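> Fold the following for me, if possible:
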Amino acid sequence: MEILTRRDFTSVVGTGAAAWSLLRTGISDGGPLPGRGGAGRLLYTSDPSNIATMQVGRHTKHVPTAEGARADPARAEDLVRWVDNLADNGVDIYAQAVYSQGWSLYFRSPQFEYDARPQHQRFVPMMDACVTPLEVLIDQAHKRGMQFLAKFRMSDGHGGSGQGAKFMLENRQWWLEEFPGRLDYSFQPVRDYVFNFADEVVRRFNVDGLMFNYIRWLHCFPREVAQKQQPIMTGWLERIREMLDRRGAEKGKKLKLAVMVPLTLQECHLLGYDVPTWVRQGLIDYVCPCDFKYSDFSAPYDTFAELTRSTNCQLFPSVIPLADGPLLLKPENYRALAQNFYGQGADGVSVFNFQYHWARRTGTARYPGPPEGYPAALSVLRDLADPARSAARTREYRYFPLWFARDANQSVANRHRVAASRDESRRLVLQREVGAQGKCQFRACERFSTGTRAVLFVKAQGLQADDEVKIELNGAPIEDFQRVFYEKGRLPRFGRELGPYSTIWCDVTQPPLTTKDNDLVVELTAPGSGEGEIVIDELQLVVVPPLGKK
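Residues are numbered from 1 along each chain as shown. So this is what the prediction gives:
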């Protein structure tokens with residue numbers, strides 16, 4: 001089965017409003033939706049220290065001593081091997097962080113300080129020998145047929161107010177009051193600093209463009225005035241666009257601009273990021289909606305597709321490995337995300353924080369992924385670049401609370417929150433009384449072929465073995481289901497810790513399952529011996545295509 005993307009859609013069914021309505025709803029008169037093949041679908045983003053802490057040196061470590069790092073330096077062949085592993089697993093566009101907290105990464109600059117953190121001292125011997133790590137990465141990416149984007153963390157908060165270049169630490173008058181140590185882009189000198197850095201990177205190196213990561217850590221303006229500051233950030237991007245076009249003309253190529261932004265346009269606007277204007281004015285070439293911490297299976301990616309569908313801007317929603325508690329997403333979860341992305345009009349997939357699959361390479365015991373996760377986990381990406389390949393294999397959708405709800409008591413997540421939780425419409429609460437009813441929503445851009453098997457799993461916290469319920473999916477009663485009660489709840493090693501709960505599961509067909517948004521309604525018909533509310537905020541949908549389906 002192949003999934004139609006918006007750029008193929010017009011060539012198949014036209015360009016009118018009715019045609020776009022068909023793409024958005026996924027409803028047609030039968031037959032698999034055709035999809036576009038080809039390259040350019042997979043964008044891998046790598047953060048400042050991913051290479052420094054996991055890919056170079058004989059003794060990898062999260063935070064080595066500066067002396068130890070210099071004595072155990074990076075080698076050019078380490079960087080080549082890293083890039084080759086990306087290329088071997090289908091990456092088309094490689095975005096590597098080169099700017100964070102005012103510092104340069106992977107190169108030295110006559111204008112800007114090099115990253116002073118110990119792990120980045122591994123590259124000092126290379127640079128002393130006149131080998132620039134950034135040039136090695138760019139050259140190998142091009143040899144392997146990948147585009148290279150220089151990535152900027154726009155408002156990084158790692159390390160607190162005492163970490164960063166002198167420009168940041170010595171100009172407290174430009175700090176965000178709520179987030180000390182991070183700069184307020186309301187001030188012209190701040191914007192000039194980052195612009196001049198970007199201009200130097202583009203002028204000096206053979207990059208194919210820039211990527212601005214607004215997800216780390218969301219705030220570039222004071223919270224209370226951020227939305228009013230949208231014209232300031234748009235004006236700054238206009239300046240960046242003009243620079244890219246000018247430098248690109250000098251180099252004889254089109255230079256691209258990508259942005260990582262929050263998952264909803266509401267959050268973007270509240271933070272001062274006028275994404276619709278950026279797309280409409282042709283300021284950006286890639287937009288990558290992304291959560292701060294988790295992958296969102298039900299996010300409204302189609303709202304971004306509506307912006308980009310008649311433009312040259314491409315939509316690359318993001319996958320993030322962290323799942324629930326100590327767990328990481330599985331291959332079937334990534335394929336489900338890709339199915340939803342492409343089903344809502346995406347052009348490709350961007351990959352964020354994927355190093356969690358092997359993060360214990362740093363010697364940090366609390367990280368989930370073991371050393372042996374690399375390079376094996378990268379092979380999962382091969383499915384994401386090809387919609388037909390994802391659609392032909394098992395998919396598991398996870399509709400779980402995201403970081404707003406799950407990490408409500410963790411100060412970092414809670415302090416950066418800008419909008420009401422996206423989880424509210426996905427949470428069903430039943431009072432313990434006869435006829436109590438609730439509804440939760442989930443999104444699955446599925447179009448079943450003959451022989452597809454699908455099973456829906458519902459976890460109901462507080463639902464006792466003697467509680468009786470009635471279930472409907474999109475108005476259709478689900479009569480045939482099974483259930484199990486866990487009196488001792490769920491242990492932390494299996495995910496978010498839960499008290500006593502029940503899991504209900506049932507086969508689902510299409511219909512009643514739709515090709516996009518679905519409503520699950522649960523009614524308590526006979527309360528049993530339990531006390532307190534019954535809460536449903538975890539669903540899973542497993543889709544198994546027929547054997548041999550291509």
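
> how about stretch 142-154: buried residues?
Of the residues in stretch 142-154, those buried by neighbour count under the rule 16 or more other CB atoms under 10 Å are 146, 147, 148, 149, 150, 151, 152, 153, 154. For glycine as for every other residue, the C-beta is placed from the backbone atoms N, C-alpha and C.

> mean confidence score for that stretch?
The average pLDDT for stretch 142-154 rounds to 98.

> Just the CA coordinates for it, please, in PDB.
Written as PDB, here are the backbone C-alpha positions of stretch 142-154 (Å, rounded to 0.1, in the frame of the first residue of the first chain):
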ATOM      1  CA  HIS A 142      28.500  15.400   0.000                       C
ATOM      2  CA  LYS A 143      30.500  12.400  -1.100                       C
ATOM      3  CA  ARG A 144      27.600  10.200   0.100                       C
ATOM      4  CA  GLY A 145      25.000  12.300  -1.700                       C
ATOM      5  CA  MET A 146      23.500  14.100   1.300                       C
ATOM      6  CA  GLN A 147      22.700  17.700   1.800                       C
ATOM      7  CA  PHE A 148      24.400  19.300   4.800                       C
ATOM      8  CA  LEU A 149      22.600  21.900   7.000                       C
ATOM      9  CA  ALA A 150      24.400  23.800   9.700                       C
ATOM     10  CA  LYS A 151      22.100  23.700  12.700                       C
ATOM     11  CA  PHE A 152      21.700  26.400  15.400                       C
ATOM     12  CA  ARG A 153      20.200  26.000  18.900                       C
ATOM     13  CA  MET A 154      18.300  29.200  19.100                       C
END
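
> Disregarding residues adjacent in the polypeptide, which is nearest to residue 62?
Once flanking residues are discounted, residue 62 sits nearest to residue 362: 3.7 Å by CB to CB, 6 or more residues apart in numbering.

> The one you found touches residue 54, doesn't it?
Yes. If you go by CB atoms under 8 Å, residue 362 and residue 54 touch, sitting 6.0 Å apart.

> which residues are common contacts for these two?
residue 60 (CB atoms under 8 Å, 6 or more residues apart in numbering).

> partners of the host helix or strand of residue 287 in the sheet?
Residue 287 is located in strand 286-289, with elements delineated by DSSP states H and E. Using DSSP bridges, strand 286-289 pairs in its sheet with strand 256-261 (parallel), strand 314-315 (parallel).

> closest to residue 284 out of these?
Checking those against residue 284 by CB to CB gives strand 256-261 as the closest, at 5.0 Å.

> Off-centre distance for that closest one?
Between the mean C-alpha location of strand 256-261 and the chain-wide mean there is a distance of 13 Å, by CA atoms, centre = their mean, to the nearest Å.

> for that strand, what is the average pLDDT?
Per-residue pLDDT over strand 256-261 has a mean of 98.

> got the buried residues for it?
When burial is assessed from 16+ other CB under 10 Å, strand 256-261 yields the following buried residues: 256, 257, 258, 259, 260, 261.

> So which residues make contact with that strand?
Taking CB under 8 Å, 6+ apart as the rule, strand 256-261 contacts 43, 45, 95, 147, 149, 208-215, 237, 240-241, 244, 268, 273, 275, 278, 283-290, 316, 318, 350, 352.
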